[in-house]
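A.B. asks: heads up, no residue letters with this:
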C-alpha cells in the first residue's frame, strides 16, 4: 500500500479511537470528567498549535508571529459573525484563509531574513498588528476590550434527565471533538508534506538555502507554501478558540504567550517531525496541570525547571530520546526515514546572511 | 500635531534612550561575545528592579546606594546561571538556547511572583523624584535625567573596557575567533563567564532605575527582553557600538509619537516595533 | 560556428572597493571541456558563482543556450540545465547520501514524477560509485566520497552544462584518475563541462581549452599547450609560488 495512504489511515484510526475518550472519561470519573476533558482539549489545542509552528520551522523560519496568525483567525471569525452573520461552519475556515493570506504577505516581506533577524521581524509584526487591531474603530473591532463571540455549543439543562455538571461536560465534549478534528487535519497535512518532495525542499532550505537553490529548489515559493499551510492551521485554531473563550481582545488574542507555547512545545517534543510536537503537547499539558494541582502558587517554577532540564538532558526532544532508546534496545544503528535523524547539531550562530556557498573573494 | 511640543519630545526621547542602550548593550555582549541567544536577559533587569525595591522597603536604601549592591548581586546570579546551565548549550542550535534561556526566564519570573506578587511595585518615596527643571518650555525630570546620566556612564565604561583593558581585548578576541583565542592562551570559558556576569549586571542596574521611573511588575522582564533583542538586531548582531544609535532612533521615535500624536501613548510599542520591522525588511532587500 | 551553449561576456563583480572579477569573457561550446585555472584569489570561484547565480554581477552578462540568464535566480538556471558542484563540499547534513542526491533529481528539472526522480537519483549514485553508500548519513563520508556526492547531486539535476569547482583537490593520484574518467564519460554523454582545477596534469588530460585568470581578469586563453607556454602565465604561477 502507498505509504502516504497508510500513514493517513493510521492517523485517522488513532483519531477515531481518541474520539471515544470523552465517553471513557465519563464512565471512569463521573463528574470529575469535566476537568479531565478540559485538560485533554487543551492538550489537543497545544498539539495543533505546535504542529502548525513546526511545519513552518521545517524550512528554517523560526516564527515569532504565531500569535498573529491565531489572532487574525480569531478576529476574522468574530468580525464576520458580528457584521455579516457568517455561519460558524464558514466563519472558522475563513479565519484560516485570512490568516494564510496575511502570512503570505508577511512571508514575502521577510524572505531574505534569517535566524534571529527573521524571528525579531515576525515578533515586531505581531506587536504592530496587535496595536492596529486595538486602534481600529471600536464599532468594527471592539477596541481594547474586544468583541464577544458566541459559543459553538449550548447544551441545555433538562431537569430530571441530567445532572448540572453534565451541561459543562457536553459543552467540553463538543470542543474536544472539534479540536480533535483540527489535530487530525493538521496531522494529515503534516504527513502529506513529509511524504511529498516538499520534505526534501524544506530540509534542504533549512540546512543550506544557497545550495538548495543551485539544486533547483525555489526557496521563495517553498517558504511561502510552508507559511500558508502553517498559518492556515493556526488561523483555524484561533477562530475555534475565540468561540470557546467567548471573546476576542487585542491583548488576549495576540498574546506573546501563544507564540511562546507554539515554539516551546515542538522543541520539547522533537522538531521537524509530526509526532514530536504532539508528544510534546501531551506531556507539557499534563505536566503543567499536575504541577498546578500539586503546588498551586508558583507552579510555573517547576515548569521552567523541566524546560531547562529537558534541553540539558534531551537536546533532541522526546522523540530524540525515545528513538535513541529504541535504537539501543533493538541494537540497530540504522536511521529512520530521516524524520528521526535529528537536526540538533551544530547550527552556527544566526546571522543576517544566508549560509554562504562561496569562499573565495568575499571581503 | 503641535510642533511646539517637538523639543520636549526630542529631549524625553533622548533621555529614555539611555536605559534602552544599557539593557541592550548587555544583551549584545551575551550574543556577540558568548554567542548565546539569551531570552532570560530581561529577567535580570526585573530582578534588579525588585532587589532595589526590597532594599528600599526593608532598609530604606536609596536606589543610588542600591545600585552598588545590586550590581555585584546580579553578577553573581548571572555567573551562577552561566555555570549551571548556559555553558552546556554554547554549541547547541539557537532553538535549544532559546528554550533553555526561556526556561531560566520562567523560573526567575515566577520566583519573583511568589516573593513579591503580581502587583506593580515602585520606589516612590525618594526626595528627588519630584525635582524637575524648566528650560525654555522643556521640562526635564531629575529621575529621567539621572537615569540617563548613569546609563550613559555605564555604557561608556563598557565601551572603554572593551577598547582599552586586557579583559576587553580578550572579549573582542573571543568574539572574533573562538578557536584562535583558545590558541593564544586565553581561557575562553572564563571570558564567557565574565561576559555573562557583566551582561546580567548591566541589565540589573537598568532594573534599579526602572523601579524609580515606573512601577514594574515581575512580568516586566519579557517585554524588555523582546525590546532589547529588537535593538540588538537593529544595530546588527555583534555590533556593540551600533546599540547607542539604534536605541536613540527607537526611543526618540517612540517619544515623538507619544507626545505629539493624540492618544499616541498607546502607540509607543507599535512605533518601536514598526521601526524595527521596516528597518530589517529594508536592509534585507538592499543587499542582493 | 554554432551558438555557444554558455557565453560569458564582460563579467565584472565588485565587492565595495575590491574588484573580484574584472571584464571576463569566454564562450563554451556544446560537448566541450573548458578549464579555468589561476592562482588562489584569482576570482575563479567568484566567476562560477556569477555563472550559477549565487552572486549578481556588477556588470556583464551570462547567456545559456542563447538566452540571457544574468538576472535569473539560481533555481531557474538549474532548471535550464546548469549544474554545479562546490569546491567546499556542502552536503545537506541531515540527509542520507541518497536523500541528498534525490533533492537534485526531484527539483533539477520541472515536472519530474516521483518515480522518475528516484530513477535519476539511482542512476547518478550508480555512476559516481556511491550506490553502496546510498543509505549512509553524509557525516560518515570521507573526502573522496564527499566529492563524489557533490558530482552525483549535480548530475541528478540532469545538467547540460556542469560547473565543477576543484573536485580533484585533495585526492590521491589514483582517485584523481578515476575522477578524470568520470568527468570524461559525463562529457561523452553530451554534457558540457566547465571546471576549476589546480592539479595541472588533470587540466592537461581533460581540457579542450583553458582560461587563465589572475587578479580577477583574464591572463591568457587557449589550448593547454598555448597557455602554459605564455610567459605571463609562467610569471603568475611562479609569483604565486614564491608568495606561498
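C.D. replies: Yep, that arrived. This structure is a prediction, so every number in the text was calculated from the model and none was measured.
A.B. asks: the strands in chain C, which residues?
C.D. replies: C:6-15, C:18-28, C:33-37, C:59-64, C:67-68, C:82-85, C:161-165, C:192-196, C:209-214, C:217-222 (DSSP state E).
A.B. asks: highest mean neighbour count out of the ones you listed?
C.D. replies: The highest average neighbour count among the strands of chain C, using mean count of other C-beta atoms under 10 Å in any protein chain shown, belongs to strand C:82-85 at a mean of 28. (Each C-beta comes from the backbone N, C-alpha and C, glycine too.)
A.B. asks: run through who's touching stretch A:295-305.
C.D. replies: Surrounding stretch A:295-305, the residues in contact under the criterion C-beta atoms under 8 Å, 6 or more residues apart in numbering or on different chains are A:287-288, A:291-292, B:103-107, B:109-111, B:113-114.
A.B. asks: just stretch A:116-130 next, same as before
C.D. replies: When contacts are defined by C-beta under 8 Å, 6+ apart, stretch A:116-130 is touched by residues A:61-65, A:67-68, A:71-72, A:106, A:109-110, A:113, A:250-251, A:254, A:256, A:259, A:350, A:352, B:37, B:94, B:226, B:229-230, B:233, B:237, B:269-270, B:272-274, B:276-277, B:280-281, B:284.
A.B. asks: which residues sit in contact with residue B:195?
C.D. replies: Residue B:195 sits in contact with B:29, B:30, B:33, B:34, B:171, B:174, where contact means C-beta under 8 Å, 6+ apart.
A.B. asks: what's residue C:166 sitting at in phi/psi?
C.D. replies: Main-chain torsions, residue C:166, degrees, to the nearest 10: phi 50, psi 50.
A.B. asks: okay but it is in contact with residue C:197, surely?
C.D. replies: Yes - using C-beta atoms under 8 Å, residue C:166 is in contact with residue C:197, at 6.2 Å.
A.B. asks: what pLDDT does the model give residue 10?
C.D. replies: This is for chain A. Looking at residue A:10, its pLDDT reads 95.
A.B. asks: think we crossed wires, I meant chain C
C.D. replies: You'll see residue C:10 listed with a pLDDT of 97.
A.B. asks: cool, and residue C:3?
C.D. replies: With respect to pLDDT, residue C:3 scores 86.
A.B. asks: ok, it touching residue C:67?
C.D. replies: No - between residue C:3 and residue C:67 there is no contact under C-beta under 8 Å: 10.4 Å.
A.B. asks: point out where chain C drops to low pLDDT.
C.D. replies: C:1, C:238-244 (pLDDT under 70).
A.B. asks: try it again at 90.
C.D. replies: C:1-3, C:16-17, C:40-41, C:88-89, C:143-144, C:167-179, C:198-199, C:201, C:234-244 (pLDDT under 90).
A.B. asks: for it, which residue gets nearest to chain B?
C.D. replies: Across chain C, the shortest distance to chain B (C-beta to the nearest C-beta) belongs to residue C:56, at 6.1 Å.
A.B. asks: and residue A:51, which helix or strand is it part of?
C.D. replies: helix A:33-57 (DSSP states H and E).
A.B. asks: which positions within that helix qualify as buried?
C.D. replies: If you call a residue buried by 16 or more other C-beta atoms under 10 Å in any protein chain shown, then helix A:33-57 has these buried ones: A:33-34, A:36-57.
A.B. asks: alongside chain A, which residues does the stretch 101-250 of chain B contribute?
C.D. replies: Counting by C-beta under 8 Å from any C-beta of the partner chain, the positions of the stretch 101-250 of chain B adjacent to chain A are B:102-107, B:109-111, B:113-114, B:222, B:226, B:229-230, B:233, B:236-237.
A.B. asks: could I have the buried ones of those as PyMOL selection syntax?
C.D. replies: Here is the PyMOL selection string for the buried members of those, based on 16+ other C-beta under 10 Å:
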select buried, chain B and resi 102+103+104+105+106+107+109+110+111+113+222+226+229+230+233+236+237
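A.B. asks: now the stretch 251-363 of chain A, which segments are flagged as low pLDDT?
C.D. replies: A:295-299, A:327-363.
A.B. asks: rerun that using 50 as the cut-off
C.D. replies: A:334-363 (pLDDT under 50).
A.B. asks: which residues in it form helices?
C.D. replies: For the stretch 251-363 of chain A, the helices defined by DSSP state H, counting those that start in this stretch cover A:256-269, A:275-295, A:299-313, A:317-330.
A.B. asks: poorly predicted segments of the stretch 101-250 of chain B, please.
C.D. replies: In the stretch 101-250 of chain B (pLDDT under 50), no residue qualifies.
A.B. asks: in it, what residue is nearest chain C?
C.D. replies: For the stretch 101-250 of chain B, C-beta to the nearest C-beta, closest residue to chain C: residue B:236, 16.6 Å.
A.B. asks: residue A:13 and residue A:275: what is the separation?
C.D. replies: 15 Å (C-beta to C-beta, to the nearest Å).
A.B. asks: more crowded one of these two?
C.D. replies: residue A:275 (18 against 10; other C-beta atoms under 10 Å in any protein chain shown).
A.B. asks: Provide a list of residues in contact with the closest residue to that one other than its chain neighbours.
C.D. replies: Leaving aside its sequence neighbours, residue A:275 sits nearest to residue A:319 (C-beta to C-beta, 6 or more residues apart in numbering or on different chains; 6.0 Å). The contact partners of residue A:319, by C-beta under 8 Å, 6+ apart, come to A:269, A:270, A:273, A:275, A:276, A:279, A:340.
A.B. asks: and the fifth one, how many residues sit next to it?
C.D. replies: Read it as residue A:276. 27.
A.B. asks: quick check: it touching residue A:53?
C.D. replies: No - Residue A:276 lies out of contact with residue A:53 (C-beta under 8 Å); the separation is 11.3 Å.
A.B. asks: what do those two both touch?
C.D. replies: Shared contacts of residue A:276 and residue A:53, counting by C-beta under 8 Å, 6+ apart, come down to residue A:266.
A.B. asks: so residue C:147 makes contact with residue C:167?
C.D. replies: Yes - with contact defined as C-beta under 8 Å, residue C:147 counts as touching residue C:167 (5.2 Å).
A.B. asks: between the two, which contacts overlap?
C.D. replies: C:85, C:179.
A.B. asks: hang on, the earlier thing: restricted to helices, list the residues of the stretch 101-250 of chain B next to chain A.
C.D. replies: B:102-107, B:109-111, B:113-114, B:222, B:226, B:229-230, B:233 (DSSP state H).
A.B. asks: what two of those have the greatest distance between them?
C.D. replies: B:114 and B:233 (32.5 Å; C-beta to C-beta).
A.B. asks: for residue B:194, which residues are in contact?
C.D. replies: Here residue B:194 is in contact with B:167, B:171 (C-beta under 8 Å, 6+ apart).
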